[in-house]
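In: structural data only, the sequence is not supplied:
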């Protein structure tokens, strides 16, 4: 239990599905194809945005205390807009992480490096498409095609709370090198980021019926500088996550809630681009139902909405969606597992001025993931 809490508190990079080696497993490799798309009603600049991603990840345990993870992807995104088509494709950055269980079951140290294998510079024409991909409401599989190199260091520790519960605390520091994000824009030096995480978890009853996990994270980021002068700044963020698992016969029912609030910035004039305060909320549930010893059916449902205050005043709704779906997890052999996901989002996206005030959106999503473990 404490090791699970430590893993969250370190805040390491995760793959599309699953975790690194656990138990007696020494190596886990994953790859597949993910499809994300959103189609919008008339009234916004985008008619649709479509993205294909081929993720690749590898996790290898070098011993009982050291694990090495690598993850990257190739993606292609396109959009139809009122001004014409947009398109971008290529490899993403590569993340390499080493996790060391310094004190087994009690402390984990993590060191991660980002290799700039993705796009460090894009044309101005690609900026609207990249902005759409990065929208938190949509949650595209690949929200970014690259950036600069960077290093992240983290440490976490956990301890018992009574006989059945555990608590954990962790922190991390991330540094990124300067790069030119948009052709002709000059060198951008991203601000460093500090994160602090706290969490508790444990069973709700002595008989083991019901397991609860609650975690919170605080993140503060320094201002980004362009050619030596402060260009943009983002307020501190607080993230709250909770998860509740409940056995239901041979099945497992789980519910989760996710809330990320960004605080407003203060003390900057109009020459500095200030990311507005905002909030993203997600509520969801899933039922994992074994159909056979090798096949699990997992229906799921998520509600998600985002609000922001772009003018510094009261917050306004940016959009909402509800996403029903179903997963199939098939163990094809001793080492191979196949995951198939199918989802469809339905909701509304706010427009800026004019009429209508919002437009409809439909967002199909599909994933086929192969996982090999030994």
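Out: Here it is on my side, so go on. The structure displayed is predicted, hence computed values, not measured ones.
In: point out where the stretch 1-150 of the chain drops to low pLDDT.
Out: The model of the stretch 1-150 of the chain has pLDDT under 70 over residues 1-25, 105.
In: again with the stretch 201-350 of the chain
Out: By pLDDT under 70, the low-scoring segments of the stretch 201-350 of the chain are 206-208, 312.
In: can you give me the strands in it?
Out: Using DSSP state E, counting those that start in this stretch, the strands of the stretch 201-350 of the chain run over 211-221, 224-226, 229-234, 237-248, 251-262, 273-275, 278-292, 295-308, 316-331, 336-350.
In: so which of the ones you listed comes closest to residue 91?
Out: Set against residue 91 and scored by C-beta to C-beta, the strands of the stretch 201-350 of the chain come closest in strand 336-350, at 22.8 Å. The way it works is simple: take the backbone N, C-alpha and C, and place the C-beta from them, glycine included.
In: got the buried residues for that closest one?
Out: Of all the residues in strand 336-350, those buried under the rule 16 or more other C-beta atoms under 10 Å are 337-339, 341, 343, 345, 347-350.
In: buried residues, the helix or strand that that strand is followed by. List them.
Out: The helix or strand immediately downstream of strand 336-350 is strand 358-373, counting by DSSP states H and E. Across strand 358-373, burial judged by 16+ other C-beta under 10 Å covers 358-359, 361, 363, 365, 367, 369, 371, 373.
In: and if you look at stretch 110-119?
Out: Across stretch 110-119, burial judged by 16+ other C-beta under 10 Å covers 110, 112, 114, 116-119.
In: count of residues packed around residue 45?
Out: Residue 45 has 13 neighbours, counted by other C-beta atoms under 10 Å.
In: export the buried residues of strand 358-373 to a markdown table and tack on distance to residue 54?
Out: Output for the buried residues of strand 358-373, formatted as a markdown table (distance: C-beta to C-beta, whole Å):
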| residue | distance to residue 54 |
| --- | --- |
| 358 | 34 |
| 359 | 31 |
| 361 | 25 |
| 363 | 20 |
| 365 | 15 |
| 367 | 11 |
| 369 | 11 |
| 371 | 15 |
| 373 | 20 |
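In: thinking again about what came up before, compare the strands of the stretch 201-350 of the chain and give me the one nearest residue 36.
Out: Comparing the strands of the stretch 201-350 of the chain by C-beta to C-beta, strand 336-350 comes nearest, at 9.5 Å.
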